[in-house]
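A.B. asks: Sequence and predicted structure are below.
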Amino acid sequence: MINKLKFYKKKFTPWYRNDYKKFLSLNFHNNDFEIKDNFPCIKDKFLPNGEITSGHYFLQDIYMAREIYKAHPVKHVDIGSRIDGFIAHLAVFREVEVFDIRSLNISDKNIIFTQADLTKVDEKFMEYTDSISCLHTLEHFGLGRYGDEIDPEGHLKGFEVITYILKPSGKFYFSVPIGKNRIEFNAHRVFSLSYLLSWVTKRYEIVKFSYIDDNNYFITSILDYLWLFRYLLCHFFVSLKK
């Protein structure tokens with residue numbers, strides 16, 4: 001656990017301290033995730049979507065865009081992925097509907113934007129699409145980084161809403177950081193592979209699995225991925241809804 005005295009001596013903004021305390025109070029009985037470190041992302045909730053970049057994202061965005069190009073779905077919906085990478089790639093060759101809790105001011109005929117809280121069910125989107133992506137997004141749900149509500153179960157609620165939106169036998173393109181279960185508040189969660197599979201496989205059949213390590217070493221289409229349990233990596237799933 002974080003040294004609270006040391007933590008509060010740091011000059012974090014009041015909203016960060018308030019979010020942190022609220023998350024602790026709501027997360028009191030959660031044994032799956034414990035805050036092991038603080039990783040303040042102070043400016044992100046005040047930026048429009050598409051401002052944040054990362055090394056893994058470049059390879060991830062190209063790879064997943066190619067997968068969707070090959071699959072050629074009738075409709076594709078994206079949940080909160082990077083606008084200036086993945087969404088830009090998709091918009092070159094197809095229409096994509098983007099859902100995000102933040103605003104998006106963009107004008108492109110192939111990008112259709114809906115501002116929405118993806119932890120809450122909207123009946124008009126039930127079985128709405130045959131293809132959906134959520135790349136390095138779900139790990140942020142409920143941590144307040146992007147202006148979303150503080151909720152320790154935000155990732156689980158978001159997963160259920162995504163599944164609600166996807167048609168039976170539809171494809172789900174999904175990536176998150178993998179390692180030992182933990183929260184680095186308010187940056188993200190890191191998921192253990194065993195924890196992730198325990199709820200993903202209840203609703204999906206995993207048909208393709210790939211990863212990028214911290215040296216940007218990219219391995220695609222692994223058949224036996226269980227040996228990766230102990231590594232901190234960026235993982236990608238292509239899954240079919242059961």
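C.D. replies: Looks like it came in fine. Numbers count the residues shown, from 1 in each chain.

A.B. asks: same for the longest strand along the chain, what does it pack against?
C.D. replies: Identified as the longest strand of the chain according to DSSP state E is strand 166-178. Contact partners of strand 166-178 among helices and strands, from 3 or more Cβ pairs under 8 Å, 6 or more residues apart in numbering; DSSP states H and E: helix 55-71, strand 129-135, strand 188-190, helix 193-203, strand 233-241. Any C-beta I mention is one placed from the backbone N, CA and C, and that applies to glycine too.

A.B. asks: Check which helices and strands the second one is in contact with.
C.D. replies: In this case it means strand 129-135. helix 55-71, strand 77-79, helix 154-165, strand 166-178.

A.B. asks: can I get the ones you listed in CSV with distance to Lys22?
C.D. replies: Shown next, in CSV, are the helices and strands packed on strand 129-135 (distance: least, Cβ to Cβ, whole Å):
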stretch, distance to Lys22
helix 55-71, 29
strand 77-79, 24
helix 154-165, 13
strand 166-178, 23
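
A.B. asks: now the angle between strand 129-135 and the longest strand of the chain, please.
C.D. replies: With axes from the mean of the first three to the mean of the last three Cα atoms, to 10 degrees as the basis, strand 166-178 and strand 129-135 are set at 10 degrees to each other.

A.B. asks: Downstream of strand 166-178, the next helix or strand is which one?
C.D. replies: Moving toward the C-terminus from strand 166-178, the next helix or strand (DSSP states H and E) is strand 182-185.

A.B. asks: quick check, distance from that following strand to the centre of its chain.
C.D. replies: 14 Å (Cα atoms, centre = their mean, to the nearest Å).

A.B. asks: Report the strands that pair with it, each with its relative direction.
C.D. replies: Applying DSSP bridges to the sheet, strand 182-185 is found paired with strand 35-38 (parallel), strand 188-190 (antiparallel).

A.B. asks: returning to that earlier point: take the helices and strands packed on strand 129-135 and lay them out in CSV including distance to Trp199, mean pLDDT and mean neighbour count.
C.D. replies: Formatted as CSV, the helices and strands packed on strand 129-135 follow (distance: least, Cβ to Cβ, whole Å; pLDDT from 0 to 100; neighbours: other Cβ atoms under 10 Å):
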stretch, distance to Trp199, mean pLDDT, mean neighbour count
helix 55-71, 21, 90, 17
strand 77-79, 17, 98, 24
helix 154-165, 7, 98, 20
strand 166-178, 12, 94, 21
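
A.B. asks: for those, which one sits closest to Asn186?
C.D. replies: The closest of the helices and strands packed on strand 129-135 to Asn186 is helix 154-165. By Cβ to Cβ, the value is 11.5 Å.

A.B. asks: what residues does that closest one touch?
C.D. replies: Helix 154-165 is touched from outside by 77, 79, 118-121, 125-129, 132, 134, 137-139, 141-143, 148, 151, 172, 189, 199-200, 203-204, 241, with contacts defined as Cβ atoms under 8 Å, 6 or more residues apart in numbering.

A.B. asks: Geometric centre of this structure: which residue is closest?
C.D. replies: Central residue of the chain (Cα atoms, centre = their mean): Thr137, 1.9 Å from the mean position.

A.B. asks: Pull up the per-residue confidence for the nearest residue to that residue once chain neighbours are set aside.
C.D. replies: Sequence neighbours aside, Gly80 is the residue nearest to Thr137 in space, at 3.7 Å (criterion: Cβ to Cβ, 6 or more residues apart in numbering). In the prediction, the pLDDT value recorded for Gly80 is 97.
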